[in-house]
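*Asks:* pasting a predicted model and its sequence here:
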Amino acid sequence: MPSGLEFPGNAVAVLEERTSTTMKETVKRFKTKLFGLKRLRRFIRWGESATFARELADFLNNLKTSVEDPRVGVELVSSFYEADHGVLGNCDDSSGHVGDLFRYDAKDLFVSYASRCDDKEWLADLVLRLIRKDDYGVRDSLLNCAAEYLPESAMRRMVEHLWVSAEKESDEYGKRHFFLLVEALARQLKDAPLFEKARITAWGGPSTAACIDIAQVYLESGDAKTALSWLERIPAEETFKAYEKNRLLLEVYGKLGYREKQTEIAWRIFRCSRSEITLATLLEIIGEGEREQVIAGEAQAILREELLSYPDTYFLISVGRMVEAADYLLARAEQLNGDFYDSLLPLADAMEKDDRMLVASVIYRALLDSILRRAQSKHYSHGVRYLKKLDRMSGSVSDWLGIISHANYLAGLRQAHGRKFAFWGRYEK
């Protein structure tokens, strides 16, 4: 692994005058490491990225334990961010390990130093310089937590600089980059009008997403009434970001004391996505005493639906309605799609554990049918496991309730897929 980090000559002289011998050694090692990172030539493959990230984390941790002077620390961590091109530009970071190191580890270290730094104007200028260019989307993490280390006055001055930069920028992408940074500061300042102005100036007429974002900031700023006015601009029939809109309306109505509307929205959220979480949200409003009545009513509503819904099945299981869940699945057995194994496996496991072998068998058949239909031998081991499960469970099923018996199902498999010798060879071992 190459080593290095470069540091401006004048800055090094100033830093070294202020540091102890130990700190001088750390600064020197840090400079050397950064020098190598900025000039990294060997490409870090995906399989190496986690190890590379750990080495960088150790590098930052050594700085944390060796350098106490906040200004020195701020400048060194800033130089680490300036090495992002060499690091991320020569790394397959599909897993996000290295990028997260900048977004979290380096950011936290920067904040720890910056919060103890006395010269806030100097600090604000340094951050402004860093975030003006953010090709890899990691430097903005320093601005998103500016309130943790900068006073309001410094943040307001940053807003002015960024706004002027946006107005001078001819490139549309660059202009919106500056306005996005203004939004980040406005949100921390709880200045909703500023956030609104930046969003509208950058994008023009407000979209559904903009209305929701602006409403969110007004709510965070303590102005629920204005937040509601922005949410009401979204057409009632709009489905884009409907969940986010409804969750925000729930909170806004609560702040405004609109109990009836809040209850209506809680029901809407619950019925759009039945789960223990949305049920808990509903019960917080209508009362925990309504729990059994709500569950019973929704179980019957689910059973009346013709189309199979995996989330609704999970809901029935999560609230202990195993009888209804089993009936629901059996009545819609033909709709089970084994290609969605991530959805089906938990259902099969739940039915098996509850000793509902007929329903479990129907689900495992769907999974097995999918594997054999796709004829991918790498998945045959799973198929063999499912078929052997079906063999075992068949002895526990006394009434197949009109569903083809296991013996006949197995015969049908052999007839339809008899030439898949790799599968049958594994099964018959």
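*Replies:* Nice, thanks for sending it over. Residues are numbered from 1 along each chain as shown.
*Asks:* could you pull out the helices for the stretch 151-300 of the chain?
*Replies:* 152-168, 172-189, 192-203, 208-220, 224-231, 242-256, 259-272, 276-286, 291-304 (DSSP state H, counting those that start in this stretch).
*Asks:* quick check: angle from the third one to helix 208-220?
*Replies:* Read it as helix 192-203. Helix 192-203 runs at 170 degrees relative to helix 208-220, counting by axes from the mean of the first three to the mean of the last three CA atoms, to 10 degrees.
*Asks:* I'd like the numbering to begin with 378 instead of 1 from here.
*Replies:* Fine by me, first position is 378 from now on; the one you just mentioned is helix 569-580.
*Asks:* hmm, who's touching helix 569-580?
*Replies:* 536, 540, 543, 552-553, 556-557, 559-560, 563-564, 583, 587, 590-591, 594-595, 597-598, 600, 603 (CB atoms under 8 Å, 6 or more residues apart in numbering). Any C-beta I mention is one placed from the backbone N, CA and C, and that applies to glycine too.
*Asks:* buried subset of these?
*Replies:* 536, 540, 543, 552-553, 556-557, 559-560, 563-564, 583, 587, 590-591, 594-595, 598, 600, 603 (16 or more other CB atoms under 10 Å).
*Asks:* hmm, residue 483 is touching residue 458, no?
*Replies:* Yes: contact between residue 483 and residue 458 holds when scored by CB atoms under 8 Å: they sit 6.6 Å apart.
*Asks:* between those two, who's got more neighbours?
*Replies:* Using other CB atoms under 10 Å as the criterion, residue 483 and residue 458 rank with residue 483 on top: 24 against 21.
*Asks:* residue 695 and residue 651: what is the separation?
*Replies:* Distance of residue 695 to residue 651, computed by CB to CB, to the nearest Å: 9 Å.
*Asks:* one more: residue 492?
*Replies:* Applying CB to CB to residue 492 and residue 651 gives a distance of 44 Å.
*Asks:* try residue 805
*Replies:* 43 Å.
*Asks:* can you pull the contacts of residue 623?
*Replies:* By CB under 8 Å, 6+ apart, the neighbours of residue 623 are 642, 645, 646, 649.
*Asks:* nearest spatial neighbour of the third one, chain-adjacent residues omitted?
*Replies:* Excluding its sequence neighbours, the residue lying closest to residue 646 (CB to CB, 6 or more residues apart in numbering) is residue 623, at 5.0 Å.
*Asks:* how close does the one you found sit to residue 748?
*Replies:* Taking CB to CB, one finds residue 623 at 39 Å from residue 748.
*Asks:* if we can go back for a sec, make TSV from the helices of the stretch 528-677 of the chain and add mean pLDDT to it.
*Replies:* Output for the helices of the stretch 528-677 of the chain, formatted as TSV (pLDDT from 0 to 100):
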stretch	mean pLDDT
helix 529-545	97
helix 549-566	97
helix 569-580	97
helix 585-597	98
helix 601-608	98
helix 619-633	97
helix 636-649	97
helix 653-663	97
helix 668-681	98
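*Asks:* just name the most buried of the ones you listed.
*Replies:* helix 585-597 (a mean of 21; mean count of other CB atoms under 10 Å).
*Asks:* now do that helix against helix 549-566, angle only.
*Replies:* 20 degrees.
*Asks:* picking that back up, ok, the contacts of residue 623 vs residue 507, which is closest?
*Replies:* Closest approach to residue 507 among the contacts of residue 623 (CB to CB): residue 646, at 40.5 Å.
*Asks:* list the contacts of residue 660.
*Replies:* 667, 668, 671.
*Asks:* domain parsing for this protein?
*Replies:* 378-494, 586-649, 713-806 (automatic domain parsing).
*Asks:* out of those, which is closest to residue 690?
*Replies:* domain 713-806 (6.0 Å).
*Asks:* end-to-end on the closest one?
*Replies:* Chord length of domain 713-806, first to last residue, is 29 Å (CA to CA, to the nearest Å).
*Asks:* nearest to residue 423, out of the helices of the stretch 528-677 of the chain?
*Replies:* helix 549-566 (28.0 Å).
*Asks:* ok, and what's touching the closest one?
*Replies:* With CB under 8 Å, 6+ apart, helix 549-566 has contacts from 508, 511, 517, 520-521, 523-524, 529, 532-533, 535-536, 539-540, 542-543, 546, 569, 571-572, 575-576, 578-580, 594, 597.
*Asks:* same question, stretch 461-476
*Replies:* 414-423, 426-427, 429-430, 433, 479, 512-516.
*Asks:* report the residue spans of the chain with pLDDT below the cut-off.
*Replies:* 378-399 (pLDDT under 70).
*Asks:* mind listing what's buried in the biggest helix by length in it?
*Replies:* The helix that spans the most residues within the chain, counting by DSSP state H, is helix 423-443. Of all the residues in helix 423-443, those buried under the rule 16+ other CB under 10 Å are 426, 429, 430, 433, 434, 436, 437, 440, 443.
*Asks:* quick check: what element follows that helix along the chain?
*Replies:* helix 447-458 (DSSP states H and E).
*Asks:* immediately after that following helix, which helix or strand?
*Replies:* Taking DSSP H and E, what comes next after helix 447-458 is helix 461-465.
*Asks:* for that following helix, output the C-alpha coordinates as PDB.
*Replies:* What follows is helix 461-465, C-alpha atoms only, in PDB (Å, rounded to 0.1, in the frame of the first residue of the first chain):
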ATOM      1  CA  ASP A 461     -10.200  12.600  -2.100                       C
ATOM      2  CA  HIS A 462      -9.300  12.600  -5.800                       C
ATOM      3  CA  GLY A 463      -6.300  10.400  -5.400                       C
ATOM      4  CA  VAL A 464      -8.100   8.100  -3.000                       C
ATOM      5  CA  LEU A 465     -11.600   7.700  -4.500                       C
END
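*Asks:* what's the first helix or strand after it?
*Replies:* Heading C-terminal from helix 461-465 (DSSP H and E), you reach helix 474-477.
*Asks:* give me the residue at the spatial middle of this structure.
*Replies:* residue 473 (12.3 Å; CA atoms, centre = their mean).
*Asks:* distance check, that one against residue 616.
*Replies:* For residue 473 relative to residue 616 (CB to CB), the value is 30 Å.
*Asks:* which residue sits closest to residue 720, ignoring its sequence neighbours?
*Replies:* Closest to residue 720 by CB to CB, 6+ apart is residue 687, at 4.4 Å.
*Asks:* was I right to think the one you found contacts residue 722?
*Replies:* No: contact criterion CB under 8 Å: residue 687 and residue 722 do not qualify, at 11.1 Å.
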